[in-house]
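> take this sequence and fold it.
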Amino acid sequence: MSGLDKNRKRNQTVCFRATLEERREIEARITVSGMPKGEYYRQSLLHQQINITAGKFHSDRLAVEIKRLRERLEEKSAETDKDLLEECKALLEQLIEIGVSKNE
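Sure thing, here's the model as predicted:
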């Protein structure tokens, strides 16, 4: 299977579980949108605004992620630079959202 995905731009698969009712609702939304399924999922997941409220659990989880990123930065190589920067960007966006939520 990996040979088939070799030249694809999007060669990663993302899966999740849903109830039958949730699946029907998702399928209905996809049909109404007129978009291909993959594009609908990407647009929905990547461009949806998510509000994060930072309780003790979330703060601890973010601290663990920051520590992991720091360790990766210390051992970084040229090939991981882009991926690592994307992770840092996503984490910083979450932290900014938390700061905005606390100030409101």
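
> list the buried ones in stretch 90-97?
Across stretch 90-97, burial judged by 16 or more other C-beta atoms under 10 Å covers 94, 97. C-beta: built from backbone N, CA, C; applies to glycine.

> what is the rounded mean pLDDT of it?
Mean pLDDT, stretch 90-97: 76.

> packing partners of the longest helix along the chain?
For the chain, the helix that runs over the most residues, judged by DSSP state H, is helix 81-103. Taking 3 or more C-beta pairs under 8 Å, 6 or more residues apart in numbering; DSSP states H and E as contact, the helices and strands that helix 81-103 lies on are helix 56-74.

> the helix it packs on to helix 81-103, inter-axis angle?
150 degrees (axes from the mean of the first three to the mean of the last three C-alpha atoms, to 10 degrees).

> gap between helix 56-74 and the chain center?
Centroid displacement of helix 56-74 relative to its chain, using C-alpha atoms, centre = their mean, to the nearest Å, is 16 Å.

> export it as PDB, just CAs?
What follows is the C-alpha trace of helix 56-74 in PDB, where atoms were taken according to Å, rounded to 0.1, in the frame of the first residue of the first chain:
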ATOM      1  CA  LYS A  56      -5.600  22.200  35.400                       C
ATOM      2  CA  PHE A  57      -5.800  19.200  33.000                       C
ATOM      3  CA  HIS A  58      -5.300  21.400  29.900                       C
ATOM      4  CA  SER A  59      -2.500  23.400  31.500                       C
ATOM      5  CA  ASP A  60      -0.700  20.300  32.400                       C
ATOM      6  CA  ARG A  61      -1.200  18.800  29.000                       C
ATOM      7  CA  LEU A  62       0.100  22.000  27.300                       C
ATOM      8  CA  ALA A  63       3.100  22.100  29.600                       C
ATOM      9  CA  VAL A  64       4.000  18.500  28.600                       C
ATOM     10  CA  GLU A  65       3.600  19.500  24.900                       C
ATOM     11  CA  ILE A  66       5.900  22.500  25.300                       C
ATOM     12  CA  LYS A  67       8.500  20.300  27.100                       C
ATOM     13  CA  ARG A  68       8.300  17.800  24.200                       C
ATOM     14  CA  LEU A  69       8.800  20.500  21.600                       C
ATOM     15  CA  ARG A  70      11.700  22.000  23.600                       C
ATOM     16  CA  GLU A  71      13.400  18.600  23.600                       C
ATOM     17  CA  ARG A  72      12.800  18.200  19.900                       C
ATOM     18  CA  LEU A  73      14.200  21.600  19.200                       C
ATOM     19  CA  GLU A  74      17.400  20.700  21.100                       C
END
